[in-house]
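Visitor: Generate coordinates for the sequence data below:
(one chain, ligands or ions: 1)
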Amino acid sequence: MLFAVISFNLNAQNNSKSSKKNNITYAIKNVNVIPMTKENKVIENATVVIKENKIYAINKSIPENSTIIDGKEKWLIPGLIDMHVHNLADGPYKSYPTKGPAIQFNTQNFMTLYVANGVTTVFELSARAEHIGQRNEIIRGDVMGPRIALAALIDGNNANLTATTPSDGRQAVRIAKGEGYEFIKVYAQLNIETYKAIIDEANKHGMKVVGHIPNAFEGKPATDFFVPHFGLIAHAEELSKQTEDFSLQKAQEFARLAKENGTWLIPNLSNLVYIAKQARSLDSVRNLKSFKFVHPLMQSKWIVSNQYNQGTNPKRIAYFDKLVDFHRKIVKAFKKEGVPMVAGTDAGTSGIVWGFSLHDELKLLVESGLTNEEALASATRLGAEWLEIGDKIGTIETGKFADLILLDKNPLDNINNTSEISGVFVNGKWLDKNKIDEMLSDVEEWNNTNKEKYNWKEVISKIRGNK
Ligand SMILES: [Zn+2]
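Guide: Numbering: from 1, shown residues only. So this is what the prediction gives:
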């Protein structure tokens, strides 16, 4: 059923306005294709034809009237997948009935950050109705953006879906299913029995579960939280929160249990690396090259209300550094044990910029012991596999959706080369470097023009004042 839902959405894109508008057939000539299939045999000097929104042919004849893209000495990889994001969307809703959201976001300005970075699929891990709306805008062709998979978050308090008993937990899953979310995210404040009931119910409805390990498990053996059908750990931090023993042996124990249970991992190394930086100084945020592309409200929030920098002290910084170190051990241990890892960034938390952050994550994964190819697989084929859309995206093969990045340099030589973007195909639509730069400068200009209106403290006090 899960599969039916996803393929329904993907098929819907076939018939959308965007693909009708986009009837140009492209041929990339003389390009080196890195297919990211399991064998991943590089196809040198290939011709790749993109028709409608699909990869139409590789090394076949070029259809007449095709637009030719010179791929000489360039490298073609599948579009990237960020498996852990929090997208900006309209909200919150307060005050009187019929009143709209307090803040509205321009969906295109936001999604530009992804497509400019070749991030063509994202997994939204605290999905609400507005995220479904954003996906509709993209599918209709009104906005150029990534494919979006949606997980509804269930927590023990303070969430859209709250559950404190197993039967409420099961009901929350059924509500999420009914509302059209494809996945369930379990969160930190759930009690143990409710956590288990949610995962069991999700499985009954064919919904995979991603998430946090509830705080209630702290001090208990790790065997307790690796329950059947807990499919994906949202960050390595979930494991480091469960122990004070930051040894490789401990990491190996987690890896063994994950392997036995079929649980995959989003290492999300960048999260703690950036937290540790912010705990030291907010210059780490201000000086981000991508900061100017961040919506001004978030620019303001990340500076004036930065939870990692406020009340910072050397002891806390030292603790964050220890976590960073342990998370690297976790990646090594999971690799050794053969547990699949998928790249995710927690984009949207302070200092983690949508789209740009995935390239940082890939670099950190390589620094922690993955090969360049393994890091790329974590952000392409494996993410698609976990989402159960591996037959549609994640590799470069005939018949798959044309989500592609053309790179100036080979990322198998150096993972930093994923940022050397010459152009991106988003669902068959070609954006060359000039177009990407133009889109980004539109975002920057809008941000600069509107900065004054989005002072975090003023906006929050206005919302609280219900005006
Ligand atoms: Zn998150």
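Visitor: Show me the shaky parts of this protein.
Guide: The chain contains residues with pLDDT under 70 at 1-22, 466-467.
Visitor: Just give me the residue closest to the centre of it.
Guide: residue 82 (2.6 Å; C-alpha atoms, centre = their mean).
Visitor: these two touch, right, residue 254 and residue 330?
Guide: Yes - using C-beta atoms under 8 Å, residue 254 and residue 330 qualify as a contacting pair, with a distance of 6.6 Å. No exception for glycine: its C-beta is placed from N, CA and C like everyone else's.
Visitor: residues in contact with the host helix or strand of residue 445?
Guide: In this structure, residue 445 sits in helix 433-450 according to DSSP states H and E. For helix 433-450, the external contacting residues (C-beta atoms under 8 Å, 6 or more residues apart in numbering) are 106, 109, 112-113, 115-116, 292-296, 299, 421-424, 431.
Visitor: circling back: when residue 254 and residue 330 are compared, which one has more neighbours?
Guide: For residue 254 versus residue 330, the count of surrounding residues by other C-beta atoms under 10 Å is larger for residue 330: 31 against 26.
Visitor: a helix runs through that one, doesn't it?
Guide: Yes - under DSSP: H, G, I helix; E, B strand; the rest coil, residue 330 falls within a helix.
Visitor: Cross-check the contact I'm expecting between it and residue 251.
Guide: Yes - the pair residue 330 / residue 251 is scored as a contact, 4.7 Å apart, by C-beta under 8 Å.
Visitor: between those two, what contacts are shared?
Guide: With C-beta under 8 Å, 6+ apart, residue 330 and residue 251 have common neighbours residue 239.
Visitor: OK, contacts around residue 235?
Guide: Counted by C-beta under 8 Å, 6+ apart, residue 235 has contacts 84, 266-268, 271, 344, 346.
Visitor: Any chance of JSON lines for those residues, columns neighbour count, secondary structure and distance to residue 224?
Guide: JSON lines is the format used below for the contacts of residue 235 (neighbours: other C-beta atoms under 10 Å; DSSP: H, G, I helix; E, B strand; the rest coil; distance: C-beta to C-beta, whole Å):
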{"residue": "84", "neighbour count": "30", "secondary structure": "strand", "distance to residue 224": "24"}
{"residue": "266", "neighbour count": "28", "secondary structure": "coil", "distance to residue 224": "21"}
{"residue": "267", "neighbour count": "29", "secondary structure": "coil", "distance to residue 224": "22"}
{"residue": "268", "neighbour count": "28", "secondary structure": "coil", "distance to residue 224": "22"}
{"residue": "271", "neighbour count": "28", "secondary structure": "helix", "distance to residue 224": "24"}
{"residue": "344", "neighbour count": "31", "secondary structure": "coil", "distance to residue 224": "24"}
{"residue": "346", "neighbour count": "25", "secondary structure": "coil", "distance to residue 224": "25"}
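Visitor: Of all pairs in those, which one is the farthest apart?
Guide: The largest separation in the contacts of residue 235, counting by C-beta to C-beta, is between 267 and 346 at 11.0 Å.
Visitor: one step back: the residue nearest to the centre of the chain against residue 346, yeah?
Guide: No - when contacts are counted by C-beta under 8 Å, residue 82 is not listed as touching residue 346 (9.3 Å).
Visitor: Strands of the stretch 201-350 of the chain, start to end?
Guide: Using DSSP state E, counting those that start in this stretch, the strands of the stretch 201-350 of the chain run over residues 209-211, 230-233, 264-265.
Visitor: helices and strands around the first one, which ones?
Guide: Okay, so that is strand 209-211. Strand 209-211 is packed against strand 183-186, helix 192-204, strand 230-233, with contacts defined by 3 or more C-beta pairs under 8 Å, 6 or more residues apart in numbering; DSSP states H and E.
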